[in-house]
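Novice: sequence isn't available, so here's the structure alone:
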């Protein structure tokens with residue numbers, strides 16, 4: 001072993017201080033903003049403290065102001081006759097995944113399941129129809145989607 005001194009490499013010089021302006025050294029902007037007073041703007045009439053701004057006292061009876069076009073005042077929607085669940089009305093009709101003809105009315109042209117608000121089914125029977133459609137799709141009785149694009 002030799003008696004040579006081991007020299008350590010010199011540390012890299014630290015970079016000089018950045019020439020970018022610090023927040024204290026930034027020039028004042030040409031458009032001065034008024035100093036914040038720390039208070040909130042006055043509350044609008046009808047707003048409640050701590051709640052959403054513009055809260056309505058007592059709610060909104062009657063729905064939207066002016067209502068939707070068509071229909072009599074007080075009548076909801078005005079979209080024609082009330083839909084009904086055909087399975088609740090006729091207890092003899094069963095939902096069977098093997099009967100493609102019975103399932104077809106609950107599928108759109110593109111093969112999507114028709115929603116409850118369109119078909120008129122109750123929640124219980126809509127779930128059963130959905131399960132039947134999915135089972136029929138899995139065993140290829142009905143297609144997942146249309147053939148043409």
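Specialist: Nice, I can see it. This is a predicted model, so every value here is computed, not measured. Numbering: from 1, shown residues only.
Novice: does residue 119 touch residue 108 like I think?
Specialist: No - if you go by Cβ atoms under 8 Å, residue 119 and residue 108 don't touch, sitting 10.4 Å apart. For glycine as for every other residue, the C-beta is placed from the backbone atoms N, C-alpha and C.
Novice: of those two, which one has the most company?
Specialist: Set residue 119 next to residue 108 and count neighbours by other Cβ atoms under 10 Å: residue 119 wins out with 16 against 11.
Novice: leaving out sequence neighbours, find the closest residue to that one.
Specialist: residue 106 (5.7 Å; Cβ to Cβ, 6 or more residues apart in numbering).
Novice: kindly report the same for residue 88.
Specialist: Residue 88 sits nearest to residue 122 (Cβ to Cβ, 6+ apart), 5.7 Å away.
Novice: same check on residue 84?
Specialist: Nearest to residue 84 is residue 120, by Cβ to Cβ, 6+ apart, at 5.7 Å.
Novice: quick check, pLDDT for the one you found.
Specialist: pLDDT, residue 120: 91.
Novice: list the contacts of it.
Specialist: 83, 84, 85, 86 (Cβ atoms under 8 Å, 6 or more residues apart in numbering).
Novice: in this structure the residue nearest to residue 119 contacts residue 114, no?
Specialist: Yes - counting by Cβ under 8 Å, residue 106 touches residue 114, with 5.1 Å between them.
Novice: between these two, which has more neighbouring residues?
Specialist: Using other Cβ under 10 Å as the criterion, residue 106 and residue 114 rank with residue 106 on top: 21 against 16.
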